[in-house]
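Q: Give me a 3D structure for the following:
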Amino acid sequence: MWGYILFSIIFISLIVYIRIQRSAYLKHISALEQRLLLSQMNPHFVFNSLTAIQSYIFRNDAYTAGKYMSSFAKLVRLVLENSREEQIPISKEIETLRYYLLLQELRFEGKFDYNIDVDPDIAVDQITVPPMLAQPFIENAIEHGIIHLSRKGLITIRFILKGSALIIEIEDNGIGIEKSSQHSQHKWNEHQSLATKITKERIKNIKSSSKIEVKMEIIDLSENSDLQQKGTIIRFTLPVTLATAG
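A: Below is the predicted model of the structure:
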């Protein structure tokens, strides 16, 4: 009798414990998703994008203002959609990045060019990736590397297929990590560490929930004595994942 009661108490306690842990985990994921969303659509970016669009309205350039407002609306929609998904097709990630870069290009008025290079062997509608991995580092590249250049900047985003691995690279020709931190040390370190921290949390969560290993590398090109160039490469390496039907 007492053994049955003891077993029942342990069993009920275990169920309560599992439910509490699951609730805490879901709250953590929800908070992480919100922080991720804010990192991509931070108020500073939104305000400056709308201000740039407004300037075209004041110039009576309705066509350009409408074009960029449409891009802004599409970006917001995509960010909201992507933030609810663990994996999205590469084609959708590229679409999101194009709208984001288009608006950043508007804000900085010709300060940089960008390329998105996709390995021709990649089936962009079939291979999926975790959304928004690249965006925080693209923002860092623009606002803390390229902004200090006397020449035009260049951001190159690459999707590379290497065996069973997918590689995503964000490369810029900015002034590099060390020099960038010297220009505005506290602000840069705070923003860089936040982007890196959120991304590391996401990678940890991806591994926990999807069993997918994601590796992140940050390479300061100015530290490589063999290369006569400045800038930074952020490199993500992850296994190829195919979209599931339905």
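Q: Quickly run through the sheet partners of the strand ranked longest in the chain, with directions.
A: The strand spanning the most residues in the chain, taking DSSP state E as the definition, is strand 153-162. Strand 153-162 sits in its sheet next to strand 112-118 (parallel), strand 165-172 (antiparallel), going by DSSP bridges.
Q: Same list (these) but as CSV, adding distance to residue 93 and mean neighbour count.
A: All C-beta spots, glycine's among them, are computed from the backbone N, C-alpha and C. Converted to CSV, the strands paired with strand 153-162 look like this (distance: least, Cβ to Cβ, whole Å; neighbours: other Cβ atoms under 10 Å):
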stretch, distance to residue 93, mean neighbour count
strand 112-118, 10, 15
strand 165-172, 9, 20
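Q: looking at those, which is closest to residue 106?
A: Residue 106 lies closest, by Cβ to Cβ, to one member of these: strand 112-118, at 11.6 Å.
Q: now that closest one, how far from the chain's geometric center?
A: Put simply, strand 112-118 sits 16 Å off its chain's centre (Cα atoms, centre = their mean, to the nearest Å).
Q: helices and strands around the helix or strand where residue 105 lies, which ones?
A: Using DSSP states H and E, the element containing residue 105 is helix 90-108. Contacts defined by 3 or more Cβ pairs under 8 Å, 6 or more residues apart in numbering; DSSP states H and E place helix 90-108 against helix 43-58, helix 62-82, strand 112-118, strand 127-129, helix 135-144, strand 153-162.
Q: so of these, which one's packed in deepest?
A: Mean neighbour count (mean count of other Cβ atoms under 10 Å) peaks for helix 135-144 among the helices and strands packed on helix 90-108, with a mean of 23.
Q: model confidence over that one, on average?
A: On average, the pLDDT along helix 135-144 is 85.
Q: for stretch 202-214, same thing?
A: On average, stretch 202-214 scores 81.
Q: and if you look at stretch 78-86?
A: On average, stretch 78-86 scores 83.
Q: Check stretch 49-59 too.
A: Averaging pLDDT along stretch 49-59 yields 85.
Q: Ok, stretch 166-179 next?
A: 83.
Q: now stretch 91-98
A: On average, stretch 91-98 scores 95.
Q: host element of residue 217?
A: strand 215-220.
Q: got the angle between that strand and strand 165-172?
A: For strand 215-220 against strand 165-172, the angle by axes from the mean of the first three to the mean of the last three Cα atoms, to 10 degrees is 30 degrees.
Q: Give the other helices and strands that strand 215-220 contacts.
A: Against strand 215-220 (3+ Cβ pairs under 8 Å, 6+ apart) you get helix 177-183, helix 185-210, strand 232-239.
Q: starting at the chain centroid, how far to stretch 54-68?
A: 28 Å.
Q: thinking again about what came up before, where's the helix holding residue 105 relative to the chain centroid, distance-wise?
A: With Cα atoms, centre = their mean, you get 11 Å for helix 90-108.
Q: Ok, stretch 145-157 next?
A: Using Cα atoms, centre = their mean, the offset of stretch 145-157 from its chain centre is 19 Å.
Q: which other residues reach it?
A: 97, 101, 108, 110-117, 134, 138, 141-142, 168-176, 179-180, 183, 231-232 (Cβ atoms under 8 Å, 6 or more residues apart in numbering).
Q: Now do residue 68 against residue 104, distance only.
A: 11 Å (Cβ to Cβ, to the nearest Å).
Q: swap that for residue 219, please
A: 22 Å.
Q: now do residue 205
A: 27 Å.
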